[in-house]
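Student: For reference, the sequence and a predicted model appear below.
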Amino acid sequence: MLNQEMLREATRLTRAGQLTEATALLQRMFQGVHAPAAASLVPQIVGLPGGVPPTIDLKSNRIGGAVPKAPGITAGRHRPLFDRAKDGTWLGLRGVEHAPSSKADIVPEGTKFIDGKYSNNAGSRSYKLFIPSGYQRGQTLPLVVMLHGCTQSPDDFAAGTRMNFIAEEQNCLVVYPAQPGGANPSKCWNWFRAADQRRDEGEPSLIAGITRRVMRDYSIDPKRVFVAGLSAGGAAAAIMGATYGDLYAAVGIHSGLACGAATDMPSAFTAMRNGGKGARPAAAGPAIPTIVFHGDRDATVHPDNGDRIVEQAIGATRTQKKVHRGQIPGGHGYTRTTYVDGQREILEHWNIHGASHAWSGGSPAGSYTDGEGPDATKEMLRFFLQHPHAG
């Protein structure tokens, strides 16, 4: 039987922001469990449908074929979820060896990618800002906020998604807030903490503050400001959409979780394992336009989390559902479900068949990408530009 007192203490430490101490406590707790008992826990913790043994291509850092990649997998060997608590990898993506991206992989020639920093009462965060070559003061342009996954950086995320290249084509600015290791050992956004799920508090206040700083310093169209993210960053994007619907016109969530899917460490395990059924009910009022991508072989964040995001985004809005099926030549098939409110599609859910926990259609120049899927970057930006704020 697990030591409930130690588990409660780990929860308390997490709520207090002491993640390193909490994960170390969990590690000690499970080292004290007899081997047969510990082994019996593993299926409950990481068991997911379609459990083909995952593999990872360490050279390209991509998913091999239709076999899913999961955190904690190196050279085809996998570590139980709790055994990875010490480095925070249970929160989402896990790092593997990956060469730093070159400038040519991050930004198109003739554009800018500059550093910035923002501080408020909740702390400070650095960020990188992409400025397209067509930017001119006085001409208001869209802004996309991109929230990276665990172990990633703005440069890595930009290279993997190629968002800067698509933004150059569409003449958009893109800002990438950076989560430091001091805030989370694996550089995950702390989507699972109640203190980081509220407006004007914690990490949401920092992300919103960075967004407003860019809007103040550059010519940004306030009706075309959007937020997107991957994994822990996708969960953070869901929180931003739920708490700052007046700031962001639309949200993109890739392999993430709904706002309120977890409020502490134990519930984070549960949400990632079985689909976050405890997600917060949608707020009253019009649904915020949302586009969701999730692989149906995701062994890190259960695919049912994508359904929970859809339910939360729709809320009480009456919609009609349309289902479209497609196939990427030589790659993954997908099911794209759209939800129409009157004459307007307000939500898209892309279920990517055979895909795991990685950015669909991304570049191997960045980490956690799957080039065999539909291009999530192009589709997100298309969706965003079709959904400016109505007011």
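Tutor: The structure has been received and is ready for your questions.

Student: mind checking the SS state of residue 168?
Tutor: helix (DSSP: H, G, I helix; E, B strand; the rest coil).

Student: Quick check on the closest residue to residue 295 other than its chain neighbours: phi, psi?
Tutor: Computed as C-beta to C-beta, 6 or more residues apart in numbering, the closest residue to residue 295 that is not its neighbour in sequence is residue 355, at 3.1 Å. Where you see a C-beta, it was placed from the backbone N, CA and C, and this is true even at glycine. Residue 355 adopts backbone torsions of phi -90, psi 150, taken as degrees, to the nearest 10.

Student: And residue 289, by the same measure?
Tutor: phi -60, psi 130.

Student: who touches it in this structure?
Tutor: Residue 289 makes contact with 249, 250, 251, 346, 347, 383, 387, according to C-beta atoms under 8 Å, 6 or more residues apart in numbering.

Student: try 7 Å this time
Tutor: By C-beta atoms under 7 Å, 6 or more residues apart in numbering, residue 289 lies in contact with 250, 346, 347, 387.

Student: can I assume the second one is in contact with residue 287?
Tutor: To tie it back to what came earlier, the one meant is residue 346. Yes. When contacts are counted by C-beta atoms under 7 Å, residue 346 is listed as touching residue 287 (5.4 Å).

Student: Residues contacting the helix or strand hosting residue 160, please?
Tutor: Here residue 160 is covered by helix 154-161, with elements defined by DSSP states H and E. If you take C-beta under 7 Å, 6+ apart as the criterion, helix 154-161 is touched by 101, 105-106, 127-128, 146, 148, 164, 176, 178, 359, 362-363, 365-369, 377.

Student: The stretch 51-200 of the chain: strands as residue ranges?
Tutor: For the stretch 51-200 of the chain, the strands defined by DSSP state E, counting those that start in this stretch occupy 73-74, 77-78, 112-120, 123-131, 141-147, 173-177.

Student: quick one: the residue nearest to residue 296 when sequence neighbours are not counted and residue 352, what's the gap?
Tutor: Spatial nearest neighbour of residue 296, excluding adjacent residues (C-beta to C-beta, 6+ apart): residue 303 at 5.0 Å. In this view, residue 303 and residue 352 are 9 Å apart by C-beta to C-beta, to the nearest Å.

Student: what do those two both touch?
Tutor: 295, 296.

Student: Tell me which entries of the contacts of residue 289 lie within strands.
Tutor: Counting by DSSP state E, these place 250, 346, 347 in strands.

Student: by contact count, what packs against the longest helix belonging to the chain?
Tutor: Determined from DSSP state H, the single longest helix within the chain is helix 202-217. When contacts are defined as 3 or more C-beta pairs under 7 Å, 6 or more residues apart in numbering; DSSP states H and E, helix 202-217 packs onto strand 112-120, strand 123-131, strand 141-147, strand 173-177, strand 220-230, helix 232-243.

Student: If you drop the residues flanking it in sequence, what lies closest to residue 103?
Tutor: Nearest to residue 103 is residue 113, by C-beta to C-beta, 6+ apart, at 8.0 Å.

Student: What's the local residue count around the one you found?
Tutor: Residue 113: 18 surrounding residues under other C-beta atoms under 10 Å.

Student: and residue 109, how many neighbours?
Tutor: Residue 109 - counted by other C-beta under 10 Å - has 8 other residues nearby.

Student: before we move on, the earlier item: just name the most buried of the helices and strands packed on helix 202-217.
Tutor: Stretch with highest mean neighbour count among the helices and strands packed on helix 202-217: helix 232-243 (a mean of 30; mean count of other C-beta atoms under 10 Å).

Student: now the angle from it to strand 220-230?
Tutor: 130 degrees (axes from the mean of the first three to the mean of the last three C-alpha atoms, to 10 degrees).

Student: what helices or strands is helix 232-243 leaning on?
Tutor: strand 141-147, helix 202-217, strand 220-230, strand 250-254.

Student: ok so, going back, save the helices and strands packed on helix 202-217 as TSV, and put in distance to residue 264 too.
Tutor: Below are those laid out as TSV (distance: least, C-beta to C-beta, whole Å):
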stretch	distance to residue 264
strand 112-120	24
strand 123-131	20
strand 141-147	21
strand 173-177	23
strand 220-230	21
helix 232-243	14
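
Student: Residue 198: which of those is closest?
Tutor: Shortest separation from residue 198 across the helices and strands packed on helix 202-217 is recorded for helix 232-243, at 6.6 Å, computed as C-beta to C-beta.

Student: can you list contacts of that closest one?
Tutor: Helix 232-243 has contacts (C-beta under 7 Å, 6+ apart) with 91-92, 147-150, 188-189, 191, 197-199, 203-204, 207, 227-229, 248, 251-259, 261, 280, 283, 288, 290, 309.

Student: what's the answer for stretch 120-139, then?
Tutor: So stretch 120-139 is contacted by 107, 110-118, 141, 154-155, 164, 167-168, 171-178, 201-202, 205-206, 209-210, 214, 219 (C-beta under 7 Å, 6+ apart).
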